[in-house]
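Novice: Pasting the sequence and the predicted model now:
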Amino acid sequence: MTSLRPVFKWETPTFLFLDLFVTSIIEVNEKAQSLSTQITILNGWVNEFTAWNPDDFCGITSCSIKKDMVWTPDISITESIKTEFATMENQYVQLLNEGAVVTSNTFAVTTACKMNLHQFPFDVQRCTITLQSPIHSSKELVLSPISDASFLTLSSKKAFQTQGEWELLSINTSKANATTQGEPQDQLIYKITMKRRPLLYVINFLMPVFYFLILDLASFFIDSTGGEKLGFKVTLLLSISVLLLLLQDMLPSTASDIPLIGVYCVVIFTLMGISVLETILVNFLIAKGNRTISVKPMENSPTLSDAVKDMKSCPDSETDRHEERLHALDLLKAAATHTNHQERKCLSWTRVAAIVDVIFNFLYVTTVIVFLIMLFKAWFP
Amino acid sequence: MTSLRPVFKWETPTFLFLDLFVTSIIEVNEKAQSLSTQITILNGWVNEFTAWNPDDFCGITSCSIKKDMVWTPDISITESIKTEFATMENQYVQLLNEGAVVTSNTFAVTTACKMNLHQFPFDVQRCTITLQSPIHSSKELVLSPISDASFLTLSSKKAFQTQGEWELLSINTSKANATTQGEPQDQLIYKITMKRRPLLYVINFLMPVFYFLILDLASFFIDSTGGEKLGFKVTLLLSISVLLLLLQDMLPSTASDIPLIGVYCVVIFTLMGISVLETILVNFLIAKGNRTISVKPMENSPTLSDAVKDMKSCPDSETDRHEERLHALDLLKAAATHTNHQERKCLSWTRVAAIVDVIFNFLYVTTVIVFLIMLFKAWFP
Amino acid sequence: MTSLRPVFKWETPTFLFLDLFVTSIIEVNEKAQSLSTQITILNGWVNEFTAWNPDDFCGITSCSIKKDMVWTPDISITESIKTEFATMENQYVQLLNEGAVVTSNTFAVTTACKMNLHQFPFDVQRCTITLQSPIHSSKELVLSPISDASFLTLSSKKAFQTQGEWELLSINTSKANATTQGEPQDQLIYKITMKRRPLLYVINFLMPVFYFLILDLASFFIDSTGGEKLGFKVTLLLSISVLLLLLQDMLPSTASDIPLIGVYCVVIFTLMGISVLETILVNFLIAKGNRTISVKPMENSPTLSDAVKDMKSCPDSETDRHEERLHALDLLKAAATHTNHQERKCLSWTRVAAIVDVIFNFLYVTTVIVFLIMLFKAWFP
Amino acid sequence: MTSLRPVFKWETPTFLFLDLFVTSIIEVNEKAQSLSTQITILNGWVNEFTAWNPDDFCGITSCSIKKDMVWTPDISITESIKTEFATMENQYVQLLNEGAVVTSNTFAVTTACKMNLHQFPFDVQRCTITLQSPIHSSKELVLSPISDASFLTLSSKKAFQTQGEWELLSINTSKANATTQGEPQDQLIYKITMKRRPLLYVINFLMPVFYFLILDLASFFIDSTGGEKLGFKVTLLLSISVLLLLLQDMLPSTASDIPLIGVYCVVIFTLMGISVLETILVNFLIAKGNRTISVKPMENSPTLSDAVKDMKSCPDSETDRHEERLHALDLLKAAATHTNHQERKCLSWTRVAAIVDVIFNFLYVTTVIVFLIMLFKAWFP
Amino acid sequence: MTSLRPVFKWETPTFLFLDLFVTSIIEVNEKAQSLSTQITILNGWVNEFTAWNPDDFCGITSCSIKKDMVWTPDISITESIKTEFATMENQYVQLLNEGAVVTSNTFAVTTACKMNLHQFPFDVQRCTITLQSPIHSSKELVLSPISDASFLTLSSKKAFQTQGEWELLSINTSKANATTQGEPQDQLIYKITMKRRPLLYVINFLMPVFYFLILDLASFFIDSTGGEKLGFKVTLLLSISVLLLLLQDMLPSTASDIPLIGVYCVVIFTLMGISVLETILVNFLIAKGNRTISVKPMENSPTLSDAVKDMKSCPDSETDRHEERLHALDLLKAAATHTNHQERKCLSWTRVAAIVDVIFNFLYVTTVIVFLIMLFKAWFP
């Protein structure tokens, strides 16, 4: 008895009315692309065998009996990876005297959901829960929603029990047809739209990376000559590496549609890397200039030691005292002039370094601003 | 027999008496907004069919039979995501001769719970466990609590088996009505109030971040000229980045009600970032001053080499010896004066730097103190 | 038949003999305050209906039948959060001709356990497993242990299959009474005492932190003038921050009874933080001294440039040559004397710095030694 | 009835037609070498007892009954570690009038899969799902695929519900024979080919490591004399250590076929380590040179103090004034010459250092380029 | 019927033949000391009631029926913590006409396993799976292996489906007796020997730590005077701290048998710590030397300022000019000599430092080599 559809004529389809409420969003797993929710499915169907006249039965209009005493429809969730009763399984169904059977069950379901993480963490996800009979064709089982989308959304929001990362925006319901095994089958598709609350990601990832970028930009004003600029910049790079450990936990690896947060991270990392390279170049130019000053005079030019040497070579008389001194001074002067010349040469390198530094930093700041504006537009279109 | 409510007249509602004890708080998952507890539900109901006169049955006043031999009410937990028997399922119920059936079950339940994490980790959470029949209306099944809130709290605290992060404060019980499927239904709502023990979070997160802030404030006294101040400050920033890894594990991402710990973290990170920027600025001003001294004399002002040059240009006689020397001294003096002048100019930059440094640090300390006082007030109102 | 207690007279209690062996400690979760063990429960009870005379049945003294053919007692574990059959469920029980029924089951149970983590990782935990009937009073079901504690301990140790973090010390057994639902109930309480093997925590956490403390103490001998001392100390602080990530995973957050490892961590972190502050102070004093030397002469005192200026102002005659020179020398000398004076003043700052440094380090070392001795005593009383 | 194969003659094999669709790839666990998928198995078999003539039964050509009313084949997945119904178990099967029984079930299966991670993260994995009866030989049960591979691939791709790390490339189907327990058994082998989307691994691991390598190469241009080069390089090494934490989570430990990403990491780490060693060597050579200059003159060569000493030793007459001065100058010159000589000696060390540096860096760059080209070829053959 | 052993005479034991194949090693959890495997158990036993003469039944020699229609032996795995059917439960058994019943099941079992991690990650583990009846004594149920160890090993290796961290070396089988509840029971013990593939641990942990040790050894050649040596060494120590985070995840905490990898880590960490202490000592000695030079002359010895002072005190005549100058030179010389003397004193400190440095580093290198050789021998005996 409980095995056969409760219709008197086999051509009569059984009408099944359904409502699906989303009462909790338990987990959204971006890596597994799955959504865990607590849903309540309320369903009622026509059972032609259990209709009675209340007048014949002391006015009883409804009664509850064990579920396995009547035929129950087989409704499954197409996207489901795991469906479990959220609480103890409801053993009873309610019979109404008009021949309807009503039951309500709460499930904890994990469903597959195609998530587009392009705008993570400022994203809105749309997941569908499709109710469908695995066996019965639409000739045998006709599915209809009881309530409309706005009522479902309102009721779900009212009953919503969690206040986590996701905000439920709306639940839409639509009817569709699928064809499996040759026969058309009725489908009820519930589309759950939900919005991520992005704050923690902003605090923990976007903000620190942005701050490190600002500090890297500001490092333009650090004196290039000491080693601290380089140390400062490489420590910023290390800090971003530490934050990369967080990114790995947040997102799955995808290809076609690169998440903007990845772009953000890559571009800033690259810019900061290039900026370290530039610092090395500028330091190299400055060092080259300095080396020109300090090395060359030792080898080729008249130096203090030469001057002293000359001083000694012209001694003896009181009159020579003057020339000697003058020669020495001459040499000193020459050395000084030469040094001056070298300094000018060195200054040219230093100037090149300074010009490179200024131009690079101008380009750097421009790139960063343009990039951030574009990213902002992509993130909040 | 076991399928129908055990009443002689169908209008008679079945009275169900319930008690719920929380014997362990197993896990509180802030990310999933769920609470895992071990609860014991003691329930007894009136079964009109199983009343007997003990005198007729050798004075037997109670006996235990298998659960599936009598009708059992269907009670579910509305917030439940997962309900499992904590130990092996109790197969027996106890019949009392007055017609009551008594049973007791221990469950491990995971329930959804709206948590407000604004004051994390000094927060108190209130989670509800709502007992309700999924099918029976209040005409059929009337729920009543056996014990009052204070007894439940006392008993639960006495039987409490864990000593973890959460301290059970109280259990309140209240009766409510819900209307699903048109008919009013009885609800018993147990509100569990519990307090987080914050110590580990203070030791592991609040304290280190605070210490790093203190060190950052103290870095005002580090000499600006060397590179160590900048290196010191950026290492502090790196240390806070490492601690950010912890924050990610602690909290879910929320939007409306920002957790104070997030504010604490963001504000301190921002202040320390600004303080690094200020250090760069001050160093830049000092370096600008120094550059004014070391660069300009080389190019424009009479220098030692000029002096030497002049010395040579006035030789020949013993009498000239004096003038030559005087001229040289004059030049030297001029150079010295010029340097002095430059120094004064440079000193002005250095002074600006010093003033900026002092003002900034005054503002910094003030902001930190004000911020910490406000945060303290928000945390412990 | 299987639903009623197997006694001829209803007043006769059923005697249930139990033994509980702990064969594996699978996991101890300090955060959830739970203990996962593999236990084997051997139980036998008197079934008055299944006694037979072996002589009447070809000398058969025992036979095994399916479990659901006889009444089985309902024994649950009070602390259990999850009880599962560790292996496939044993479907058979053994009947002995004297009327006893014997069965043995292996469970994987997770029980709540009040853990005191004060002495972590050198702690000994005592967890109880309480066997009790959820329904039957002690008038109906009398529980007795088969073996004594020493046999249970020996057998469990012999059958122990794991060699992980926990060493089983002993199993104690005691009988107790609980009163639920008005009637007294028999309880068998098994207290499992186990000792943590602390090695990994020593290697991974205590030792590195201790080493970093030693290095921080040794940093007293690093020259204060360069920036390296500060860099060294802040890197040590960063290293400890990295190790704090480990602490978060090890322990739950508790309040009343602070774990000593937390005290260890907090005190060392605080000491090292204060020591960084002291270094900054000492460096500041030294820098102040140095600044006194290098800044003041430029502004107020007779300097070389003044000397040169004076040199020029008294020229003309050969005789004046002497005075001029003398005056210049005088000024030079004055400048030198002044510098000398300044140096003395600066030296006083430097001396203050040195004295502060020595006193602080003496106090630091003393505090550390006293603290470590006290901690050692608290850890190994 | 439901226990025996539905054939009239026992020699007749039962024909079982199967289709397997992969509708989600939930998780690929490289460490456990397992693949979690959501699969739908559609199967139909000949039941000779349930054929009927539609004309005799009002034209009914199909009807659905409870599954346990007919014999069902026992099909298991050989590689399965865990098989669960993805949604509520389908309780019904459909009978067709020709004597066929059709059913469809969706499973969440975790299967073992031999993964070759040599080319991780640019790898393509091929996992097989083998359907086989655990008991029935091919004389009793004959398995055949319903659809061909291209249809399965198309349908699966169309129904694919996830968009995570893995892209489904194709599903191949083949028939095989296995011999267990002496009798040949039919097998249907579905080979699932899927491609990893590598982006996140590139962004989070390959790219930062590569950038650090580039920075290490660029550090050639950092001046060797200061300490910053060494600090820079060791910070890069530290950054790579941080990234090694990520590698541990990504891959299992394997031996025969080393993953290229491991080679990438090891070689770069080794190269950078060697490059640090080289920097230490070069700095040592330069320091050796410098020490030659600054130490030797103090001990062995005529120095300024000697010169001054000599100056004093030849006083008294006006005529001696010259010689004294000349001698002093001579000594000064000698000292200068000696210094010059020392400088040349030191310069030779410095030159050796410079040559070593250039050669090493040339070899370094060459090795890196060759290595990266070879790695690229191995990764994208 | 299905409840009683299928023997005509109750004294006849039932012979049970078993084979156990290990088809996947899913997970080895060192912390929980558990092993998760996919095993296939093939078992056949004598059922005296189901033997038939094929000639009487149209030559049928075997047939498959539902499992619950015949008696099945109760075989459990003693070490099992969790036993689950790896795929859908096999509902059928095969009856052979000789009276044998054959069935085959695939399980996913997690068994406790005493692991010795002394040689981790170059370890070989031996885990046992013991099959035993929980109730039946060896008088009732006799267990015998079907195949020998070499066949089991070969078959398991052939069917092996994973290629992860563990390589299956062999499966041994042996028969044993256990005495529980007074009666001897048959046991079949399968010992699974498996070898860890150590590569990832070498790449991720052993190698980086070794490299950091080499760099620490090489730091001997870094010039002690600058601060970079200390910074370099403390950064290496920080890098090892980061790697310690990995160690925590790899191993459980054990006491008796310290894992060599722990020894490796501790010894290297200690050596590097001591080496940092030595560097501080050497730097302190050098600094002490330098301070002797720079501080003492300021206070006690004749200095330039004294020289200048003396210069002024002897003016007036042209003839005095000489003496004055000579005196000044004398003082200058004396100052120089004193400085020279101080330098010699300072040099002695520097020499002590150099000697300490060389001796320490010699001992360091020796210790490291000896330690590594001993460790190598212990790891690969």
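Specialist: Received, thanks. Quick caveat, the model's predicted, so the values are computed rather than measured. Numbers count the residues shown, from 1 in each chain, chains lettered A, B, ... in the order given.

Novice: Let me know whether A:Gln163 touches B:Asn116 as I believe.
Specialist: Yes - counting by Cβ atoms under 8 Å, B:Asn116 is a contact partner of A:Gln163 at 7.3 Å. For every residue, glycine as well, the C-beta is placed using N, CA and C.

Novice: who has more neighbours, the two?
Specialist: More crowded of A:Gln163 and B:Asn116, by other Cβ atoms under 10 Å in any protein chain shown: A:Gln163, with 20 against 15.

Novice: State the distance from that one to chain C.
Specialist: Distance of A:Gln163 to chain C, given as Cβ to the nearest Cβ, to the nearest Å: 22 Å.

Novice: From A:Arg126, how far off is that residue?
Specialist: From A:Gln163 over to A:Arg126 the distance is 21 Å, taken as Cβ to Cβ, to the nearest Å.

Novice: just the helices in chain A please.
Specialist: Taking DSSP state H to define them, one finds helices in chain A at A:149-159, A:199-201, A:207-218, A:228-250, A:260-299, A:304-313, A:320-379.

Novice: can you put those helices in JSON lines and add distance to chain C and mean pLDDT?
Specialist: Conversion of the helices of chain A to JSON lines gives the following (distance: least, Cβ to the nearest Cβ, whole Å; pLDDT from 0 to 100):
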{"stretch": "helix A:149-159", "distance to chain C": "28", "mean pLDDT": "90"}
{"stretch": "helix A:199-201", "distance to chain C": "17", "mean pLDDT": "87"}
{"stretch": "helix A:207-218", "distance to chain C": "15", "mean pLDDT": "93"}
{"stretch": "helix A:228-250", "distance to chain C": "9", "mean pLDDT": "87"}
{"stretch": "helix A:260-299", "distance to chain C": "19", "mean pLDDT": "80"}
{"stretch": "helix A:304-313", "distance to chain C": "21", "mean pLDDT": "44"}
{"stretch": "helix A:320-379", "distance to chain C": "16", "mean pLDDT": "74"}
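
Novice: Tabulate those in a markdown table, adding columns for mean neighbour count and distance to C:Glu48.
Specialist: A markdown table is the format used below for these (neighbours: other Cβ atoms under 10 Å in any protein chain shown; distance: least, Cβ to Cβ, whole Å):
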| stretch | mean neighbour count | distance to C:Glu48 |
| --- | --- | --- |
| helix A:149-159 | 16 | 54 |
| helix A:199-201 | 21 | 65 |
| helix A:207-218 | 21 | 75 |
| helix A:228-250 | 22 | 62 |
| helix A:260-299 | 19 | 73 |
| helix A:304-313 | 19 | 120 |
| helix A:320-379 | 16 | 78 |
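
Novice: Distance to chain E added to the ones you listed, as JSON lines?
Specialist: As requested, the helices of chain A are exported to JSON lines (distance: least, Cβ to the nearest Cβ, whole Å):
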{"stretch": "helix A:149-159", "distance to chain E": "35"}
{"stretch": "helix A:199-201", "distance to chain E": "22"}
{"stretch": "helix A:207-218", "distance to chain E": "19"}
{"stretch": "helix A:228-250", "distance to chain E": "9"}
{"stretch": "helix A:260-299", "distance to chain E": "16"}
{"stretch": "helix A:304-313", "distance to chain E": "18"}
{"stretch": "helix A:320-379", "distance to chain E": "15"}
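
Novice: Please name the spatially closest residue to A:Leu277 (chain neighbours excluded).
Specialist: D:Ala218 (5.2 Å; Cβ to Cβ, 6 or more residues apart in numbering or on different chains).

Novice: ok, that neighbour - contacts?
Specialist: A:276-277, A:280 (Cβ atoms under 8 Å, 6 or more residues apart in numbering or on different chains).

Novice: if we can go back for a sec, looking at the helices of chain A, which is closest to E:Val142?
Specialist: Across the helices of chain A, E:Val142 has its closest neighbour in helix A:228-250 (54.4 Å, Cβ to Cβ).

Novice: Does anything pack onto that closest one? Which helices or strands?
Specialist: Helix A:228-250 sits against helix A:207-218, helix A:260-299, helix B:228-250, helix D:207-218, helix D:228-250, with contacts defined as 3 or more Cβ pairs under 8 Å, 6 or more residues apart in numbering or on different chains; DSSP states H and E.

Novice: Helix B:260-299 and that one, what's the angle between them?
Specialist: Taking axes from the mean of the first three to the mean of the last three Cα atoms, to 10 degrees, one finds helix A:228-250 and helix B:260-299 inclined to each other by 150 degrees.

Novice: Kindly export helix A:228-250 (C-alpha atoms) in PDB.
Specialist: The C-alpha coordinates for helix A:228-250 follow below in PDB (Å, rounded to 0.1, in the frame of the first residue of the first chain):
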ATOM      1  CA  GLU A 228      68.300  51.200   5.800                       C
ATOM      2  CA  LYS A 229      66.200  51.900   2.700                       C
ATOM      3  CA  LEU A 230      66.900  48.500   1.300                       C
ATOM      4  CA  GLY A 231      66.400  46.800   4.600                       C
ATOM      5  CA  PHE A 232      63.200  48.700   5.100                       C
ATOM      6  CA  LYS A 233      61.900  47.600   1.600                       C
ATOM      7  CA  VAL A 234      62.900  44.000   1.900                       C
ATOM      8  CA  THR A 235      61.200  43.800   5.400                       C
ATOM      9  CA  LEU A 236      58.000  45.100   3.800                       C
ATOM     10  CA  LEU A 237      58.300  42.400   1.100                       C
ATOM     11  CA  LEU A 238      58.800  39.800   3.900                       C
ATOM     12  CA  SER A 239      55.600  41.100   5.700                       C
ATOM     13  CA  ILE A 240      53.600  40.700   2.500                       C
ATOM     14  CA  SER A 241      55.000  37.100   2.200                       C
ATOM     15  CA  VAL A 242      53.600  36.400   5.700                       C
ATOM     16  CA  LEU A 243      50.200  37.800   4.600                       C
ATOM     17  CA  LEU A 244      50.300  35.500   1.500                       C
ATOM     18  CA  LEU A 245      49.900  32.600   4.000                       C
ATOM     19  CA  LEU A 246      46.400  34.000   4.600                       C
ATOM     20  CA  LEU A 247      45.500  34.200   1.000                       C
ATOM     21  CA  GLN A 248      46.200  30.500   0.500                       C
ATOM     22  CA  ASP A 249      43.600  29.600   3.100                       C
ATOM     23  CA  MET A 250      41.000  32.000   1.700                       C
END
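
Novice: how far is it from where the chain is centred?
Specialist: Centre-to-centre, helix A:228-250 and its host chain are 18 Å apart (Cα atoms, centre = their mean, to the nearest Å).

Novice: Give me the angle between that helix and helix D:207-218.
Specialist: If you take the same axes, to 10 degrees, helix A:228-250 sits at 160 degrees to helix D:207-218.

Novice: quick one: contacts for the closest residue to A:Thr367 other than its chain neighbours?
Specialist: Take A:Thr367 and drop its neighbours on the chain: the residue closest to it by Cβ to Cβ, 6+ apart is A:Leu271, 6.6 Å away. Neighbour list for A:Leu271: A:213, A:216, A:364, A:367-368, A:371 [criterion: Cβ under 8 Å, 6+ apart].

Novice: again with A:Asn53
Specialist: With Cβ under 8 Å, 6+ apart, A:Asn53 has these contacts: A:Asn97.

Novice: gap between the closest residue to chain B within chain A and C:Thr2?
Specialist: Proximity to chain B, evaluated over chain A using Cβ to the nearest Cβ, is greatest for A:Glu228 at 2.8 Å. Per Cβ to Cβ, A:Glu228 is found 84 Å from C:Thr2.
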